[in-house]
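>>> no letters, just coordinates:
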């Protein structure tokens, strides 16, 4: 049976949730008038354009257009499903979701999770039956206990080990575990590989990474992107790390699955790895939800230096006071797996504790790139360093880094070129009201006021004449307000089915409104009256134009007389 959440319950949860503290617990917000602003968590930017409205209970980014209410934010930021986001909001309120049953069949995602769990169990069973796979793990120094902790398995060298499961075929196809050759023939994606289940933060298997027993290419093969899995936004081992410690004091970012597993075998349970893709800002943002201290582990060769520099530049815009980013460089011929076996847990963790802070690595790499024994080199270093420091949010750490830059350049901090302070990417504030205040388009004014207070539509009938996109949108909005009876736009947003309508209304809702709250009702009534006058005028114009071309029918003449009389009433 498919489980549905009653709309009234969803509206109640959203109405009882304040979106500002919800978002503020995850990213740093700064108050600007009646709005809160921050650098957008959904795209990389230097100038804050992400806004959160407490009165409207929704967020909007002027940079990338991301928008939504409390549920939408959790879905986009924490990568939760709709049901998971509602549950996340309901729990602090002491509410339990009252699911309704629907006769439309099994929830699709449930079928996908079930198929992946079944595949995991089959791989684990196959490992026990494969001497070659067991020997491979033994040769890599892994024990049966650690293999069980990470649910490691084995995909036999068979083309139909999974595809033979007829009842799971569609789900296996959607999760990328099998590949369609013809309409009736399928074959397994993973064959003769050690299988590493990739689990979400609730412990559900959402994908796999497969490592060949030999060195054939590709050495590692990951599941493709699916409705459950996006490798660019997840890391391997985070679920297992969270199971070992309720609160993570630090996380060690390494390169591969085997590094994570090997370190865990040595009781270093806080290692994670990217999923066969380059480190990106979303990976770092994900880790910062669980700890304020991240150590990046790289080889000590030139490639490791380049990787460290990229990681460092990704971290700079995310830094605020209280966070720590450090860098551990291993000997050029070692990786975490080999190094921990060579030196042991105690020495490896001692190296972690002595890892270089971001500020030290920042200037060490810059000094290698620029010859500061000459003025030209100093100038180049200063220019590159200051451009990177300018991407950081204001704070003590940023000031200290600027002081350190001045020291490296052997000049006073006050002599550093002053860069123009980034301004918030918001529309300019409205001009002070005057007796001759310029009026906006009446349809846009009415839309803005409804988005500020949807209850204004209570006694307003839907428009019957909608010749423009704005009046059409207004008519749809009035209808939506009648259905939802929402108090905030954040609540109303959840009832709108059209994504285009959501996007357009979110854009308009984020614009400033130069009308005091006490005047909302009067301004809305005035806007609707002006709109009606405009529509009457348009219809009169159309009929007069038509009369010049052809004689009007009796009904059209009667309609014209009624419209002219109606227009006189408004004067």
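Cool, got the structure. Model, not experiment: these values are computed from the prediction.

>>> neighbours of residue 391, how many?
By the criterion of other C-beta atoms under 10 Å, residue 391 has 17 neighbours. In this view, the C-beta of every residue, glycine as well, is placed from N, C-alpha and C.

>>> same question for residue 501.
Neighbours of residue 501 (other C-beta under 10 Å): 15.

>>> report pLDDT for it.
Each residue has a pLDDT score; the one for residue 501 is 76.

>>> which residues are in contact with it?
The contact partners of residue 501, by C-beta atoms under 8 Å, 6 or more residues apart in numbering, come to 473, 476.

>>> quick one: it from residue 469, how far?
In this structure, residue 501 lies at 11 Å from residue 469, with C-beta to C-beta, to the nearest Å as the measure.

>>> report the contact partners of the residue lying closest to residue 18 once chain neighbours are set aside.
Taking C-beta to C-beta, 6 or more residues apart in numbering, and ignoring the residues beside it in sequence, residue 18 has residue 54 as its nearest neighbour in space, at 7.1 Å. With contacts defined as C-beta under 8 Å, 6+ apart, the neighbours of residue 54 are 18, 19, 20, 34, 36.

>>> what does residue 471 give?
For residue 471, the set of contacting residues under the criterion of C-beta under 8 Å, 6+ apart consists of 443, 463, 465, 531, 535.

>>> so it belongs to a helix, correct?
Yes: membership of residue 471 in a helix is supported by DSSP: H, G, I helix; E, B strand; the rest coil.

>>> what's the PyMOL syntax to select whichever of the contacts of residue 54 are buried?
For anyone working in PyMOL, the buried entries among those, judged by 16 or more other C-beta atoms under 10 Å, can be selected with:
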select buried, resi 19+20+36
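
>>> of the contacts of residue 54, closest to residue 81?
residue 19 (19.2 Å; C-beta to C-beta).

>>> from residue 74, how far out is that closest one?
To residue 74, residue 19 is 10 Å away according to C-beta to C-beta.

>>> just flag the most distant two among the contacts of residue 471.
443 and 465 (11.5 Å).

>>> pick out whichever of the two has more residues nearby.
For residue 443 and residue 465, the more surrounded residue by other C-beta under 10 Å is residue 443, and the numbers stand at 24 against 13.

>>> helix or strand: which one has the more buried one?
When secondary structure is defined using DSSP states H and E, the element that contains residue 443 is helix 442-452.

>>> that helix: how far from the chain's middle?
With C-alpha atoms, centre = their mean, to the nearest Å as the basis, helix 442-452 stands 29 Å off its chain's centre.

>>> and residue 359, what element?
For residue 359, the element it lies in under DSSP H and E is helix 358-369.

>>> hey, what's residue 208 bridged with?
Residues in a beta bridge with residue 208, per DSSP bridges, are residue 197.

>>> and the contacts of residue 54, which of them are in helices?
Mapping the contacts of residue 54 onto helices (DSSP state H) picks out 19, 20.

>>> for the helix holding residue 359, which helices and strands make contact with it?
Using 3 or more C-beta pairs under 8 Å, 6 or more residues apart in numbering; DSSP states H and E as the contact test, the elements touching helix 358-369 are helix 302-315, strand 324-330, helix 375-389, helix 396-408.
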